[in-house]
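In: return a 3D structure for these sequence lines:
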Amino acid sequence: MAANGNSVVCDSYDRTVEKTRLVRNVITEFTGNPPKDYQHIHGVKTVIENYPHPNIHSVPSSHTIPVGPGDVWEKMTDWDQLTPAEQNSNKNFLLERFAVDDLELAYDEYYPKFGKLPTVHDYRVFILNWEGRRHKKRSLAQMKQDLETKDDSIHQLSNRESNLRLALDHTVMHSVNQQGQINNLLSDNESLNDENSVLTTQRNQLSNDNRGSYEMIIGSLVVIITENTQLQTENTQKDSTISELQTENTQLQTENTQKDSKIKNLNSETKNLKKDNILLYQKLEETTEICEQKDRQLRIQKIKVDDLQYQMSETGDRIARLEKVNEDKCDEINRLIGNNDEQAEHIREQNNTIDDLRHRLQEQESINRDLYSQIAELRQLVLAQIGAAEE
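Out: Numbers count the residues shown, from 1 in each chain. From the prediction side, this is the model:
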């Protein structure tokens with residue numbers, strides 16, 4: 001039973017949305033411009049729904065308006081908006097008190113008198129005061145007694161209607177992510193339903209009053225019906241707000257999808273940067289190994305230079321001994337002057353060679369210091385990039 005009730009409420013909601021869409025298209029087609037706002041759409045929709053639809057095969061007569069064939073309760077303007085339980089209750093109420101011919105005749109006389117088609121409540125109030133043929137009409141006391149006996153059933157139907165509305169609200173709530181705004185709308189809707197129930201109770205209590213004050217009760221009921229219509233209009237506006245929130249939610253989901261795609265792209269770029277950093281670090285290790293090899297070669301060259309210096313030192317000692325010998329052997333020195341000049345020239349060449357090697361060694365040490373400095377800077381740069389990628 002609850003599933004059937006939910007289905008009826010959803011069908012009614014779908015019909016309302018479809019009618020709103022059709023009225024919007026009609027306004028745009030006839031005026032060339034879209035409707036100003038939802039109140040504009042609701043006004044045109046109300047005019048269309050309340051406009052009488054005569055039967056083309058009927059012959060007009062005085063004090064009546066031609067209507068199409070069918071049961072009289074199906075011609076009420078708000079019949080489709082009632083739940084099946086409410087429809088059965090109103091149908092039984094009319095059939096228990098009036099003949100079918102009287103129901104049709106009273107319906108035909110309603111429009112010329114009030115200038116509009118009746119709702120179910122308006123028709124019930126009208127036919128209870130109708131002065132036409134009443135073959136099956138009961139006394140006012142009997143009707144009051146029947147109303148009193150059906151208060152419980154009406155209350156149950158009101159509870160069922162509240163449950164169905166709650167089910168509809170639950171369905172709408174799951175389709176919208178903006179829970180806060182929808183909960184506020186549902187709370188307002190429940191308050192309006194409670195006010196509607198209070199108004200319905202007041203209407204039933206007014207039905208139990210005496211016949212003499214019935215005209216005053218009718219006036220009060222008209223005011224209550226107007227307020228009820230306004231409440232229904234507010235509910236319709238809230239339904240429009242829910243639809244707009246659903247549209248905003250869809251846009252937010254689209255934006256989230258785009259952001260997820262960007263995050264995936266950034267993750268891919270980060271992985272590529274990590275791979276590049278690993279390659280740079282490998283190249284740095286290779287460069288470091290090359291520099292270490294060159295450093296070992298420089299150490300070997302330095303050892304060779306030290307050996308040459310040691311040889312030069314020994315050569316100097318030999319020269320000193322030779323000079324001492326030359327002092328003792330002046331004659332031999334004079335004889336060997338030519339040879340000594342050649343040896344002196346050879347010594348100068350060796351000194352020049354030593355100086356040249358020492359200069360080259362200093363340049364190589366400067367180059368090594370520059371290489372070590374560049375290696376240190378490159379290592380710091382690679383470590384900084386690796387740390388940034390991991391963050």
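In: how much space separates the spatially closest residue to Tyr281 that is not a sequence neighbour from Leu371?
Out: Excluding the flanking residues, the one nearest Tyr281 by CB to CB, 6 or more residues apart in numbering is Val382, at 5.2 Å. In short, each C-beta sits where N, CA and C put it, glycine included. Distance of Val382 to Leu371, computed by CB to CB, to the nearest Å: 16 Å.
In: so, low pLDDT: which residues of the stretch 101-250 of the chain?
Out: Residue ranges of the stretch 101-250 of the chain with pLDDT under 70: 131-146, 148-153, 155, 162, 165-180, 182-184, 206-218, 220-221, 228.
In: one more pass at 50, please.
Out: 133-137 (pLDDT under 50).
In: now do the strands in it.
Out: Counting by DSSP state E, counting those that start in this stretch, the stretch 101-250 of the chain forms no strands at all.
In: how about the helices of it, start to end?
Out: Under the criterion DSSP state H, counting those that start in this stretch, helices of the stretch 101-250 of the chain are mapped to 120-128, 140-149, 151-174, 179-207, 214-328.
In: and of those, who's closest to Ile386?
Out: Among the helices of the stretch 101-250 of the chain, helix 214-328 comes nearest to Ile386, with 4.9 Å by CB to CB.
In: what is the burial count for Leu336?
Out: Residues lying near Leu336 (other CB atoms under 10 Å) number 15.
In: now Tyr38
Out: 16.
In: how far away is the residue nearest to it when sequence neighbours are not counted from Pro35?
Out: Spatial nearest neighbour of Tyr38, excluding adjacent residues (CB to CB, 6+ apart): Ser240 at 5.1 Å. Plainly put, Ser240 is 12 Å away from Pro35 if you go by CB to CB.
In: who has more neighbours, the two?
Out: Taking other CB under 10 Å, Ser240 and Pro35 do not tie; Pro35 has more neighbours (19 against 15).
In: next, that one: secondary structure please.
Out: Following DSSP: H, G, I helix; E, B strand; the rest coil, Pro35 is assigned to coil.
In: which residues touch it?
Out: Val23, Arg24, Ile27, Thr28, Ile41, Val44 (CB atoms under 8 Å, 6 or more residues apart in numbering).
In: now do Val23
Out: Counting by CB under 8 Å, 6+ apart, Val23 has contacts Pro35, Ile41, Val44, Lys45, Ile48.
In: residue at max distance from the center of the protein?
Out: Asp331 (115.6 Å; CA atoms, centre = their mean).
In: okay, and that residue sits in which element?
Out: helix 330-335 (DSSP states H and E).
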